[in-house]
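In: Let me see the structure of the following:
(2 chains)
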Number of protein chains: 2
Amino acid sequence: MSRLLVAGLPLVPKLLVGKVAARYVAGETAAEAFEVIRSLNQEGALATLDILGESVDDRSKARAAAEEYVSLFDAIEEQGLDANVSIKLTLLGLDIDESFCRDNVEEIAVAAARYGNFVRIDMEDHPTQDATFRIYHELQARHGNLGVVLQAYMRRILDDIAALPAEGGNVRLCKGIYLEPREVAWKGFDTVRMNFLAALEKILDGAIYPAVATHDEYLVAAAVRMIDRAGLDRERYEFQMLLGVEETLRRILVRQGHRVRVYVPYGRDWYPYSLRRMRENPQVAGHVMRALFARKGF
Amino acid sequence: MSRLLVAGLPLVPKLLVGKVAARYVAGETAAEAFEVIRSLNQEGALATLDILGESVDDRSKARAAAEEYVSLFDAIEEQGLDANVSIKLTLLGLDIDESFCRDNVEEIAVAAARYGNFVRIDMEDHPTQDATFRIYHELQARHGNLGVVLQAYMRRILDDIAALPAEGGNVRLCKGIYLEPREVAWKGFDTVRMNFLAALEKILDGAIYPAVATHDEYLVAAAVRMIDRAGLDRERYEFQMLLGVEETLRRILVRQGHRVRVYVPYGRDWYPYSLRRMRENPQVAGHVMRALFARKGF
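Out: Okay, the predicted model is just below:
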């Protein structure tokens, strides 16, 4: 059972979570994900492709995931899609052995580099954070086509930004979705919003490419303001949103000339990802809970 | 009876307030306060020692307080504690005669200077404010080891910051706890927060040492951001909190390498101080009020 289930939500029947997943997940196969990306590209949006799965404790599963990622770059190129990839280190063996994981990530980065493509290393919960930065810093210094994620609820975020390489940095900034202890993460809606802006400000000061990943319209507006003040060209930043979330805002931003990249997850392991989406969106969670209670005769 | 009781709260039985005081006050004697400071220092926190008492209308009481303060510096030094002191001018005779009060403060500042120690002049309600600044400016110019307090709810705060000495300034910034008329103080939670940040910004612009005194995590996060932008070393600022309030946040900040100073009050005159703590914390006040009503048969 994943850390998430223990820490966060009750066990929710898979059938119900499946209804949620249908909204947030492109499908179980890469072919289905490519269809979604094609339509996003037609709409003017970019994509980042994610293979679902995390907390793998079996080397063969981690190897299979790495090989699947490597194969994606050929397909993206052949089909003429505008997409990069996002990877989770615990899918690629971080819980097994850090150097095994790093080698898997390096294989993916090398495959991406063949097409001038890019690899985003997702951030997971705080026990993985130091290792994630170690792997990012080492491989980015070697290959130059990786990016990292900073979560605005983290108390250490300003130090993490200060430690980023001065050249070629590319950071996705999001609020953060894991349940973290108070020692590690700021709590409170306003505090996290404010820390998001503090982080974005520091990222822009450092001339790092920001990927502003939020569905919070207040933060989008604030980011538009800061990007405008910094005088960034369209190619020097992007917004990011998740598949199935705030599609209206996404289309508005695209139409206004911003680059917007959509996170497109696919695969059979959609349960924990969909649970996090539910927790983030109380309205969705409400629908599911009502359905759950109705079924049980409440 | 103090101004505070008239303006703020009903008369609350001393027994009940005593229960509150036990949480916020170190004890009735200096020896008890030193024990508390020793344990704070071991935790990595600093302290500022306050003798409870205010609105004194008797010269002998004011003289006794001044002499007690003078004696504290020897004890702090002998016991190797990391602590300075905070003084209230109405305890030291401000309501009797301003120059009598100033002489008492000067005696304390001179005693502090013998050990390179520091004296914080607390700010009380607005009728005392002009005299407090006069005494602060005069003695700071002469001795250089005093600091003042600015309250974020005060409409005049930006002018008060502009009037601070350019060199060696040291300001505690807090929201303010007294009940002030609208002409004098901003009202509204967000307005006071915003004015707090405006004041901190101006303090940092002026290269004045800020002591950021708040338990509001939003303001702590915002201060961390502003201090980071200003590039201040650990020795160039501090956070401050009251004894018995937000101990978790205090430990988190200490562990993250910030200096945190705890306000440690002691003495027999704990009633008005504890009433203010009650008013600031509706949860505590609620417990006390329920106990009060229960006793009266409601």
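In: Name all residues that make contact with A:Ile157.
Out: A:150-151, A:195, A:198-199 (Cβ atoms under 8 Å, 6 or more residues apart in numbering or on different chains). Where you see a C-beta, it was placed from the backbone N, CA and C, and this is true even at glycine.
In: And the buried ones among these, selectable in ChimeraX?
Out: Buried subset of the contacts of A:Ile157, written as a ChimeraX selection, criterion 16 or more other Cβ atoms under 10 Å in any protein chain shown:
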select /A:150,151,195,198,199
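In: What separation is there between A:Met241 and A:Gly147?
Out: When Cβ to Cβ, to the nearest Å is the yardstick, A:Met241 and A:Gly147 sit 16 Å from each other.
In: quick revisit: intersect the contacts of A:Ile157 with the contacts of chain B.
Out: When Cβ under 8 Å from any Cβ of the partner chain is taken as the criterion, the members of the contacts of A:Ile157 that contact chain B are A:195, A:198.
In: Adding pLDDT and secondary structure, write the contacts of A:Ile157 out as JSON lines.
Out: Putting the contacts of A:Ile157 into JSON lines (pLDDT from 0 to 100; DSSP: H, G, I helix; E, B strand; the rest coil) gives the following:
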{"residue": "A:Leu150", "pLDDT": "98", "secondary structure": "strand"}
{"residue": "A:Gln151", "pLDDT": "97", "secondary structure": "strand"}
{"residue": "A:Asn195", "pLDDT": "97", "secondary structure": "helix"}
{"residue": "A:Ala198", "pLDDT": "97", "secondary structure": "helix"}
{"residue": "A:Ala199", "pLDDT": "97", "secondary structure": "helix"}
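In: From the contacts of A:Ile157, pick the one nearest B:Val245.
Out: A:Asn195 (22.1 Å; Cβ to Cβ).
In: Settle this for me: the closest one is touching B:Val220, isn't it.
Out: No: the pair A:Asn195 and B:Val220 does not pass the contact test of Cβ atoms under 8 Å, sitting 10.5 Å apart.
In: Could you give the number of residues near A:Gly169?
Out: In terms of burial, A:Gly169 registers 17 neighbours under the definition other Cβ atoms under 10 Å in any protein chain shown.
In: Before we move on, what's the pLDDT of the residue nearest to it when sequence neighbours are not counted?
Out: Using Cβ to Cβ, 6 or more residues apart in numbering or on different chains and skipping the chain neighbours, the partner closest in space to A:Gly169 is A:Ile208 (3.7 Å). A:Ile208 carries a pLDDT score of 94 in this model.
In: next one: the one 10 residues further on
Out: Per-residue confidence at A:Tyr218 stands at 97 (pLDDT).
In: and it, what does it touch?
Out: Counting by Cβ under 8 Å, 6+ apart, A:Tyr218 has contacts A:Arg193.
In: Just to be sure, it is in a strand?
Out: No: counting by DSSP: H, G, I helix; E, B strand; the rest coil, A:Tyr218 is located in no strand; its state is helix.
In: what about whichever residue of the stretch 51-200 of chain A sits closest to chain B, distance to B:His258?
Out: When distances are taken as Cβ to the nearest Cβ, the stretch 51-200 of chain A approaches chain B most closely through A:Ala198, which lies 3.7 Å from it. Relative to B:His258, A:Ala198 is positioned 16 Å away (criterion: Cβ to Cβ).
In: Quick check: residues of the stretch 101-250 of chain A near chain B?
Out: Taking Cβ under 8 Å from any Cβ as the criterion, the neighbours of chain B within the stretch 101-250 of chain A are A:155-156, A:158, A:182-183, A:186-188, A:190-191, A:194-195, A:198, A:201-202.
In: Which PyMOL command selects the buried ones in the residues you listed?
Out: The following PyMOL line selects those of these that are buried, judged by 16+ other Cβ under 10 Å:
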select buried, chain A and resi 155+158+186+191+194+195+198+201+202
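In: from the residues of the stretch 101-250 of chain A next to chain B, which single one is nearest A:Leu139?
Out: Using Cβ to Cβ as the measure, the one of those that approaches A:Leu139 most closely is A:Arg156, at 21.1 Å.
In: mind checking the longest helix of chain A?
Out: helix A:59-78 (DSSP state H).
In: Give the buried residues for that helix.
Out: By neighbour count with 16+ other Cβ under 10 Å, helix A:59-78 contains the buried residues A:61-63, A:65-66, A:69-70, A:72-73, A:76.
In: Quick check: bridge partners of A:Tyr266?
Out: Assessed by DSSP bridges, A:Tyr266 has beta-bridge partners A:Ile51.
In: one step back: so what secondary structure elements neighbour whatever helix or strand comes next after the longest helix of chain A?
Out: The helix or strand immediately downstream of helix A:59-78 is strand A:83-87, counting by DSSP states H and E. Under the contact criterion of 3 or more Cβ pairs under 8 Å, 6 or more residues apart in numbering or on different chains; DSSP states H and E, the helices and strands touching strand A:83-87 comprise strand A:46-51, helix A:59-78, helix A:98-114, strand A:119-121.
In: quick one: strands adjacent to strand A:83-87?
Out: In its sheet, strand A:83-87 lies beside strand A:46-51 (parallel), strand A:119-121 (parallel), with partners assigned from DSSP bridges.
In: Format the ones you listed as JSON lines; extra columns: distance to B:Thr248, mean pLDDT and mean neighbour count.
Out: Below are the strands paired with strand A:83-87 laid out as JSON lines (distance: least, Cβ to Cβ, whole Å; pLDDT from 0 to 100; neighbours: other Cβ atoms under 10 Å in any protein chain shown):
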{"stretch": "strand A:46-51", "distance to B:Thr248": "35", "mean pLDDT": "98", "mean neighbour count": "25"}
{"stretch": "strand A:119-121", "distance to B:Thr248": "31", "mean pLDDT": "98", "mean neighbour count": "25"}
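In: how about stretch A:70-80 as PDB, C-alpha atoms only?
Out: Listed next in PDB are the C-alpha coordinates belonging to stretch A:70-80 (Å, rounded to 0.1, in the frame of the first residue of the first chain):
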ATOM      1  CA  VAL A  70      12.900   5.400 -23.800                       C
ATOM      2  CA  SER A  71      10.500   4.100 -26.500                       C
ATOM      3  CA  LEU A  72       8.200   7.200 -26.200                       C
ATOM      4  CA  PHE A  73      10.800   9.600 -27.700                       C
ATOM      5  CA  ASP A  74      10.900   7.700 -31.000                       C
ATOM      6  CA  ALA A  75       7.100   7.600 -31.200                       C
ATOM      7  CA  ILE A  76       6.800  11.400 -30.300                       C
ATOM      8  CA  GLU A  77       9.200  12.200 -33.100                       C
ATOM      9  CA  GLU A  78       7.600   9.800 -35.700                       C
ATOM     10  CA  GLN A  79       4.100  11.200 -35.000                       C
ATOM     11  CA  GLY A  80       5.300  14.800 -34.900                       C
END
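In: how long is stretch A:137-155 end to end?
Out: Terminal residues of stretch A:137-155 are spaced 20 Å apart (Cα to Cα, to the nearest Å).
In: And the strands in chain A?
Out: Across chain A, reading from the start of the chain, the strands by DSSP state E fall at A:46-51, A:83-87, A:119-121, A:146-151, A:170-174, A:209-213, A:238-242, A:260-266.
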